[in-house]
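1. Let's see this in three dimensions:
(one chain, ligands or ions: 1)
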Amino acid sequence: MSELRFEQVTVRFGTGSRAMTAVDSVDLTIPSGQVVGLVGESGSGKSTLARAAVGLTELAGGRILLGGVPLRHRARGPRPLQLVFQDPYSSLDPRMSIGDSIAEAIPRTGPLSGGSARSAEVGRLLELVDLDPDRASAHPGVLSGGQRQRVALARALAGQPDVILADEITSALDVSVQGTVLNLVRELQRRLRLSMLFISHNLAVVRYVSDYIAVMYLGRIVEFGPAADVLADPQHPYTRDLLAAAPRRGTLTLDAEETDAALRAVADAEPADPHHPPAGCRFHPRCPVGPLVRPDRELCLTVDPTPEAAKRRHHTACHYAATALQAVDHVQ
Ligand SMILES: Nc1ncnc2c1ncn2[C@@H]1O[C@H](COP(=O)(O)OP(=O)(O)OP(=O)(O)O)[C@@H](O)[C@H]1O
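-> Reported below is the predicted structural model:
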């Protein structure tokens, strides 16, 4: 079993007046062999959550379990979680051949410890990501962005992971290449039965690969559910903003910056300051729904809806989710 579960995970940065909670009491499960797409605007805490899972960032609270076992208790050896970044340059040493970079990530013990087994494995991994094994001696600098991202994927797979955390892996690629890399990711995920957290600003990209969608806002998960349900029947006003800002189904034409800009235009407000998150519901300063239901917004201003959220298969952290959204539709 390779279910990855975040339980009440909290990450803080800074001290004193610059202290901030980047990830706040997050509960999130990535079911075994499934893809959870994590979407939200810049600064919402998506990368921090992924970095916490691989131990690059310390937890201030909560725990992370793989197959029911807290991660810090697992024995060393093949790395069960692998993080793939937006920029493959950060994981590929430009001075090393791509074959050596991949070989370096193959476990040094077990059946792949011998030299010839390792180079055969490099060839197999390159083929797996649709690259010619003859390119093993090439350096990253001579490859296209899409090819480099394939190498980064091969390197991640070399660690024999159960879980891949893919952080904006197509954001730096031309739109024409994004589709082929996304197809490859989905095919590999299915073939190898990987569990995956797939992070992107772009809901069009997320919906392309995800079984479930989680929406993050100011360090919190504000909506979670099966992808089809979230897309067809978004419950949180922020998810509706995201959907309004996303390119239509089948296109991937908005990049990260454009998506953020579109989001702000839709919500007609600057993102909240993560150092001073609003009291009550964090989304209330941007929310079109609360004032429609109750002009004084008492509940929204004073009561944090998150703790009640995670009870159903498709759930949201909004006091007035479904009923109020119908009211907004009616007014519009
Ligand atoms: N090492 C750090 N030190 C201090 N603050 C940090 C650090 N890493 C992240 N942050 C802050 O934590 C918050 C969440 O950042 P994070 O990168 O996780 O967001 P994100 O949703 O992934 O956004 P982006 O897509 O822009 O990376 C931001 O306000 C960011 O400035």
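2. Could you report the distance from the residue of the chain most remote from its centre to R286?
-> Taking CA atoms, centre = their mean, the residue of the chain most remote from its mean C-alpha position is S116, at 36.0 Å. Remark: distance between S116 and R286 (CB to CB, to the nearest Å) = 59 Å. To be clear about C-beta, it is placed using only N, CA and C from the backbone, and glycine gets the same treatment.
3. Where do the strands of the stretch 151-300 of the chain begin and end?
-> Ranges of strands in the stretch 151-300 of the chain, per DSSP state E, counting those that start in this stretch, are 163-167, 195-200, 212-217, 220-226.
4. burial of G115, as a residue count?
-> Residues lying near G115 (other CB atoms under 10 Å) number 8.
5. contacting residues for it?
-> With contacts taken as CB atoms under 8 Å, 6 or more residues apart in numbering, G115 has no neighbouring residues.
6. Just the pLDDT for it.
-> At G115 the predicted local distance difference test score is 73.
7. Quick check on it: phi, psi?
-> phi -60, psi -50 (degrees, to the nearest 10).
8. ok, F85 touching A172?
-> No: in this structure F85 lies outside contact range of A172 using CB atoms under 8 Å: 9.4 Å.
9. residues contacting P234?
-> Counting by CB under 8 Å, 6+ apart, P234 has contacts 223, 240, 242-243, 325.
10. burial count for whatever residue of the stretch 51-200 of the chain ends up closest to the ligand?
-> Among the residues of the stretch 51-200 of the chain, E168 lies nearest to the ligand; the distance is 6.3 Å by CB to the nearest ligand atom. Neighbours of E168 under the rule other CB under 10 Å: 20.
11. and it, what is it in contact with?
-> Counting by CB under 8 Å, 6+ apart, E168 touches 47, 85-86, 199-201, 256.
12. Assumed G99 was part of a helix.
-> Yes: in this structure, G99 lies within a helix as judged by DSSP: H, G, I helix; E, B strand; the rest coil.
13. Need the pLDDT of it.
-> Residue-level pLDDT assigned to G99 equals 95.
14. For the closest residue in space to it that isn't next to it in sequence, give me its contacts.
-> The shortest distance from G99 to any non-neighbouring residue, by CB to CB, 6 or more residues apart in numbering, is to A136 (3.0 Å). By CB under 8 Å, 6+ apart, A136 lies in contact with 97-99, 102, 119, 122-123, 126.
15. For A136, grab phi and psi.
-> Backbone phi and psi, for A136 under degrees, to the nearest 10, turn out to be phi -60, psi -30.
16. Read off the pLDDT value for it.
-> A136 is assigned a predicted lDDT (pLDDT) of 94.
17. Now do it against A166, distance only.
-> In terms of CB to CB, A136 sits 23 Å off from A166.
18. Next, please give the residue ranges for the helices of the stretch 51-200 of the chain.
-> 98-104, 115-128, 145-158, 175-191 (DSSP state H, counting those that start in this stretch).
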